[in-house]
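Chemist: Got a predicted structure here, sequence first:
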Amino acid sequence: MSAVRTAILSIHSHGDRSFLDDADLARLSGDLRQRGLPSDLVLVALAEGPDDPAFRSLVQALTEYRVIVFERVWSAELVAALRRSLPAAIFVQLRGEHELPGAEADWVLTSEPRQGLPALIEFLSGARARPPAGSRERLGEGVRVHDGPSLERPRRLLDRPNLHPRVIHPETFSGARSFAIRGNGGCPYQADARENPAYAGVHLPAGLGRGCAFCTTGNHYEGRPAAEVAAHVLDQLRWVRAEAPSIERVVLKDQNPFAYLTELVESAVTEGLGPFTLMLETRADWMLRSRVRFERALEAAGQAGIRLVPFLVGIENFSQPELDRYNKGIRAETNVAFLEWLSDVRDRFGGTLAIEEASFGFVLFSPWTTLEDLDTNHRAIVRTRFDRLRGRLLHARARLYPDTALYYLAERDGLFTESFAPGEDNARRYGYFPARPWRHRDPVVARFAQLATALVDETGGKDEVRAFGLLLDAFRSEDPGSMTIASLRAELARPPRDPELWQRFGRLLHPMPIDAELPGGFRVAELVPREGGLRVELRHASEAPFSVSVLLRRAGPSARAPLARSRHYDVVAPEGLTAPQRSAALAMGAAIVRGDR
């Protein structure tokens with residue numbers, strides 16, 4: 001009997017695939033091909049699910065295949081629609097990072113896919129007498145679990161992924177394509193949430209709870225000697241560069257690759273594998289500790305058109321209570337120090353550090369978020385200009401799955417709900433596995449999140465940090481129930497604050513609250529965007545209090561000459577002040593511009 005033809009589906013909810021890569025699926029397709037089993041990786045974006053125009057094209061393409069394999073799908077209904085459209089096909093479900101409840105398949109593989117899938121395809125082709133042990137076969141309304149001896153240990157397959165997917169409606173995908181190569185599996189950060197005081201009284205099932213509380217990779221780690229893993233990574237890199245030279249963005253899946261990173265880059269330079277961009281997934285604290293080796297790697301990379309970038313670094317939050325709940329094991333100030341070091345590295349290494357490729361991990365909203373947490377995050381985002389490294393900050397929400405510790409913290413606190421509020425379901429928004437709906441413990445934060453989502457959706461993410469600040473200002477001074485998207489949109493339409501000026505202002509005040517005493521005995525009473533700059537209402541805390549309005553704006557032609565100048569900003573104070581008052585006000589304005597502490 002001839003081998004059946006297999007389609008391995010890579011389904012996305014939007015054309016920007018974000019962090020959802022095809023690497024494991026491409027490896028499966030490559031494994032099947034190495035065994036002489038015909039296989040294609042089929043890539044499609046279905047923003048509207050079964051109602052998407054690309055769905056019909058997908059169904060037409062899949063009529064050529066006998067077996068259809070899927071793993072990450074955000075909707076069980078999508079699988080059901082495919083099964084209705086392709087009644088003769090055999091559907092096989094693989095377990096991905098999480099379980100997909102309710103998705104029906106003819107077969108479900110419980111064994112490691114690179115071992116189990118080839119065995120199942122051989123069985124379906126008639127080349128093997130029995131399916132892999134533990135596989136589940138659907139028989140009418142029932143399920144049969146196949147027993148018997150475990151699969152024999154397969155011969156070691158080389159990592160030869162299928163790098164040429166069959167793309168349905170390729171015009172729906174945007175941006176340059178990337179591919180992920182593998183170093184050590186899992187994550188060496190093994191802190192157990194059971195030892196975290198924030199998790200007192202939480203019952204965590206066996207086998208989970210290590211590492212970050214929203215992630216599963218900390219539950220296992222497969223560390224190997226640095227020389228061995230470096231050789232494996234280099235072999236994969238050679239394959240990608242030779243088989244698909246158009247792929248110039250290579251993601252290194254290893255949470256702590258610094259033991260071999262410098263040597264890997266030096267080998268790539270020696271072998272002439274450039275140009276390409278190597279994108280790292282790691283932690284801020286580990287990267288800071290390894291900054292000497294990372295900078296050495298940058299020096300080597302610059303010789304051969306190779307660029308490095310900390311692509312996905314889990315900043316997650318700038319508020320310490322949130323970081324503690326996330327079991328991150330990191331101090332908020334370490335995140336800030338990392339970003340400031342990264343800015344310095346960018347200045348010194350220029351284009352060799354491909355910082356524009358970064359898209360850092362961030363979780364702004366959790367079930368426990370407070371307005372204080374939001375205010376802390378906004379201040380840090382302004383100070384570090386974090387929005388350059390991660391977009392859609394106001395969309396960032398925790399996703400809760402029953403194989404993560406954060407799920408059981410929400411269960412302890414009774415924060416699960418039947419369905420998400422509008423705009424809160426990030427799993428569906430970005431095409432991840434369906435997550436458990438949760439609610440905000442603080443109803444005021446729930447209202448803030450609702451307005452934030454609607455505002456960002458309406459503006460397309462434009463001026464997001466400014467929108468964040470406007471929301472915080474509104475929630476400090478008004479009844480949140482009276483706010484509308486229209487009023488917030490109107491405020492956004494006013495002259496924008498100068499981003500650099502606000503960054504300097506944030507540095508001056510950090511970590512003091514807005515009304516803290518400033519140099520010269522001033523307090524800030526009000527901040528108002530004006531003429532592409534900032535009007536600062538200053539109140540002096542003297543025996544005879546007085547208030548002044550200082551205008552900070554970009555220097556340029558003006559009918560009114562500035563009374564003081566600091567670098568490329570004019571500092572203008574009103575008429576009618578005494579000489580000491582004017583002097584103090586202008587000095588305060590200049591200090592704000594410089595960011596003096």
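Modeler: Now that the structure is in, tell me what you want to look at. This is a predicted model, so every value here is computed, not measured. Numbers count the residues shown, from 1 in each chain.
Chemist: Which stretches in the stretch 301-450 of the chain count as helices?
Modeler: In chain order, the stretch 301-450 of the chain shows helices spanning 320-325, 332-349, 371-384, 405-412, 426-430, 443-459, with DSSP state H, counting those that start in this stretch as the criterion.
Chemist: ok, the spatially closest residue to residue 224 that is not a sequence neighbour - contacts?
Modeler: Spatial nearest neighbour of residue 224, excluding adjacent residues (Cβ to Cβ, 6 or more residues apart in numbering): residue 184 at 6.1 Å. Using the backbone N, CA and C atoms, a C-beta is placed for each residue, glycine as well. Residue 184 sits next to 221, 222, 223, 224, 229, 254, 255, 256, 257 when contact means Cβ atoms under 8 Å, 6 or more residues apart in numbering.
Chemist: Now do residue 61: how many residues are near it, please.
Modeler: 16 (other Cβ atoms under 10 Å).
Chemist: Touching, it and residue 40? I think so.
Modeler: No: here residue 61 does not reach residue 40: they are 9.0 Å apart, not a contact under Cβ atoms under 8 Å.
Chemist: what are the phi and psi values for residue 167?
Modeler: Here is the backbone geometry of residue 167 (degrees, to the nearest 10): phi -100, psi 120.
Chemist: among the helices of the stretch 301-450 of the chain, which is nearest residue 21?
Modeler: Of all the helices of the stretch 301-450 of the chain, the one in closest proximity to residue 21, counting by Cβ to Cβ, is helix 426-430 (13.4 Å).
Chemist: average pLDDT for the closest one?
Modeler: Averaging pLDDT along helix 426-430 yields 77.
Chemist: That helix: how far from the chain's middle?
Modeler: Centroid separation between helix 426-430 and its chain, computed with Cα atoms, centre = their mean, to the nearest Å, is 12 Å.
Chemist: picking up where we left off before, give me the distance between the residue nearest to residue 224 and residue 85.
Modeler: In this structure, residue 184 lies at 41 Å from residue 85, with Cβ to Cβ, to the nearest Å as the measure.
Chemist: any idea which residue sits dead centre in the protein?
Modeler: residue 361 (3.6 Å; Cα atoms, centre = their mean).
Chemist: separation between that one and residue 126?
Modeler: Spatial separation of residue 361 from residue 126 under the definition Cβ to Cβ is 46 Å.
Chemist: do the same with residue 378
Modeler: Using Cβ to Cβ, we find residue 378 at a distance of 62 Å from residue 126.
Chemist: just residue 277 next, same as before
Modeler: For residue 277, the distance to residue 126 (Cβ to Cβ) stands at 45 Å.
Chemist: These two: which is more packed in?
Modeler: Neighbours were counted for residue 277 and for residue 126 using other Cβ under 10 Å; residue 277 has more, 20 against 11.
Chemist: beta partners of the more buried one?
Modeler: According to DSSP bridges, the partner residues bridging residue 277 are residue 249, residue 307.
Chemist: in the stretch 301-450 of the chain, which ranges drop under the pLDDT threshold?
Modeler: With pLDDT under 70 as the threshold, the stretch 301-450 of the chain has no low-confidence stretch at all.
Chemist: about what we covered before: quick one: residues contacting the residue nearest to the centre of the chain.
Modeler: Residue 361 is in contact with 312, 313, 314, 315, 316, 390, counting by Cβ under 8 Å, 6+ apart.
Chemist: Would you mind measuring from the residue nearest to it when sequence neighbours are not counted to residue 390?
Modeler: With Cβ to Cβ, 6+ apart as the measure, residue 314 is the residue that lies nearest to residue 361, at 3.9 Å, once sequence neighbours are left out. Relative to residue 390, residue 314 is positioned 11 Å away (Cβ to Cβ).
Chemist: And for residue 200?
Modeler: As defined by Cβ to Cβ, residue 200 lies at a distance of 32 Å from residue 390.
Chemist: Equivalent analysis for residue 324, please.
Modeler: Using Cβ to Cβ, we find residue 324 at a distance of 21 Å from residue 390.
Chemist: domains for this structure, by residue range?
Modeler: The chain breaks down by automatic domain parsing into domains covering 6-167, 176-308, 513-594.
Chemist: As JSON lines, those domains with distance to residue 440 would be great.
Modeler: Supplementary listing: these in JSON lines, determined by distance: least, Cβ to Cβ, whole Å:
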{"stretch": "domain 6-167", "distance to residue 440": "23"}
{"stretch": "domain 176-308", "distance to residue 440": "16"}
{"stretch": "domain 513-594", "distance to residue 440": "24"}
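Chemist: Of the ones you listed, which is nearest residue 421?
Modeler: Among the domains of the chain, domain 6-167 comes nearest to residue 421, with 18.1 Å by Cβ to Cβ.
Chemist: Mind checking which of residue 314 and residue 390 has more residues around it?
Modeler: For residue 314 and residue 390, the more surrounded residue by other Cβ under 10 Å is residue 314, and the numbers stand at 23 against 18.
Chemist: Double-check that residue 144 belongs to a helix.
Modeler: No: under the criterion used here (DSSP: H, G, I helix; E, B strand; the rest coil), residue 144 is strand, not part of a helix.
Chemist: need the contact list for it.
Modeler: The contact partners of residue 144, by Cβ under 8 Å, 6+ apart, come to 136, 137.
Chemist: ok, it to residue 117 distance?
Modeler: On the measure of Cβ to Cβ, residue 144 and residue 117 end up 18 Å apart.
Chemist: quick one: the helix or strand hosting residue 69 to chain centroid distance?
Modeler: Following DSSP states H and E, the helix or strand that holds residue 69 is strand 67-70. Strand 67-70 has its C-alpha centroid displaced from the chain centroid by 28 Å (Cα atoms, centre = their mean).
Chemist: Parallel or antiparallel, which strands does it pair with?
Modeler: The strands that strand 67-70 pairs with in its sheet are strand 6-12 (parallel), strand 90-94 (parallel) (by DSSP bridges).
Chemist: Please name whichever of the ones you listed is nearest to residue 456.
Modeler: Minimum separation from residue 456 across the strands paired with strand 67-70 (Cβ to Cβ) falls at strand 6-12, 20.9 Å.
Chemist: So for that closest one, mean pLDDT?
Modeler: The average of the pLDDT scores along strand 6-12 is 94.
Chemist: Would you indicate which residues of it are buried?
Modeler: Going by neighbour count (16 or more other Cβ atoms under 10 Å), the buried part of strand 6-12 is 6, 7, 8, 9, 10, 11, 12.
Chemist: Okay, now the unreliable bits of the stretch 101-250 of the chain?
Modeler: 101, 148-157.
Chemist: where along it do the strands fall?
Modeler: With DSSP state E, counting those that start in this stretch applied, the stretch 101-250 of the chain shows strands at 107-109, 136-139, 142-145, 166-167, 178-182, 185-186, 221-222, 249-253, listed in chain order.
Chemist: Take those strands and lay them out in TSV including distance to residue 445.
Modeler: Putting the strands of the stretch 101-250 of the chain into TSV (distance: least, Cβ to Cβ, whole Å) gives the following:
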stretch	distance to residue 445
strand 107-109	39
strand 136-139	42
strand 142-145	43
strand 166-167	41
strand 178-182	35
strand 185-186	33
strand 221-222	35
strand 249-253	34
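Chemist: Just tell me which of those strands ends up closest to residue 50.
Modeler: Of all these, it is strand 166-167 that lies closest to residue 50, at 19.2 Å by Cβ to Cβ.
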